[in-house]
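[1] have a look at this prediction, sequence included:
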Amino acid sequence: SLLRRASLTESDAFEFLKADSGGDCITYSGFCEALRQLNLTGHPYGLSEEEMKDLWIQADVDGNGVLDYNEFQQRIWNPNGLDDSEDGSTHDGEVRHTVQTIGFSVKNAVLFPTEVEKGMWPEDYLLSDHARLTVVFSPVRMPCSQLIV
């Protein structure tokens, strides 16, 4: 999940989502504010109000209007029932095997004109001109989890 990629622990992620709710649960407004702070809403490719509401409905298992810690664990932190155990097992009796896949890392990236890299725009360029970005990728092996049921 995005919260894991942000290097938050499970309890820190719960605290972040419950924000200023005052209780020991996540409110819908706190949930929406957290999505805004993570920049997942409010731009053309972000979540719409309807999509945020749909996510909330899926997460609020008992339908009481708030997410307690158990719902957070089941529906947000471990939505597929996976945990972080070292042996690859999960608490549902499923086994997760790690396989290798090929990904890409950025080896080099250059903007042209080069002044742009230093934060300056050439005087002979208009605001509508675009700086070209040239990127060189290199293949890398990376782990890819595969769930065995």
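    That came through fine. Treat the numbers as computed from the prediction; the structure is a model and nothing was measured.
[2] residue 139 belongs to a helix, doesn't it?
    No: Residue 139 is assigned strand when assessed by DSSP: H, G, I helix; E, B strand; the rest coil, not a helix.
[3] what mean pLDDT does stretch 30-37 get?
    The pLDDT scores in stretch 30-37 average 86.
[4] and it, which residues are buried?
    30-35 (16 or more other CB atoms under 10 Å). Quick note: C-beta positions are derived from backbone N, CA and C, even for glycine.
[5] OK, contacts around the residue lying farthest from the centre of the chain?
    Distance from the centre of the chain peaks at residue 124, with 39.8 Å (CA atoms, centre = their mean). For residue 124, no contacting residues are found, by CB atoms under 8 Å, 6 or more residues apart in numbering.
[6] separation between it and residue 54?
    Here residue 124 is placed at a distance of 49 Å from residue 54 (CB to CB, to the nearest Å).
[7] secondary structure and distance to residue 50 for the buried residues of stretch 30-37 - can I get that in TSV?
    TSV is the format used below for the buried residues of stretch 30-37 (DSSP: H, G, I helix; E, B strand; the rest coil; distance: CB to CB, whole Å):
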residue	secondary structure	distance to residue 50
30	helix	19
31	helix	14
32	helix	12
33	helix	17
34	helix	18
35	helix	13
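[8] can I get these in JSON lines including distance to residue 141?
    JSON lines is the format used below for those (distance: CB to CB, whole Å):
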{"residue": "30", "distance to residue 141": "40"}
{"residue": "31", "distance to residue 141": "37"}
{"residue": "32", "distance to residue 141": "39"}
{"residue": "33", "distance to residue 141": "39"}
{"residue": "34", "distance to residue 141": "34"}
{"residue": "35", "distance to residue 141": "33"}
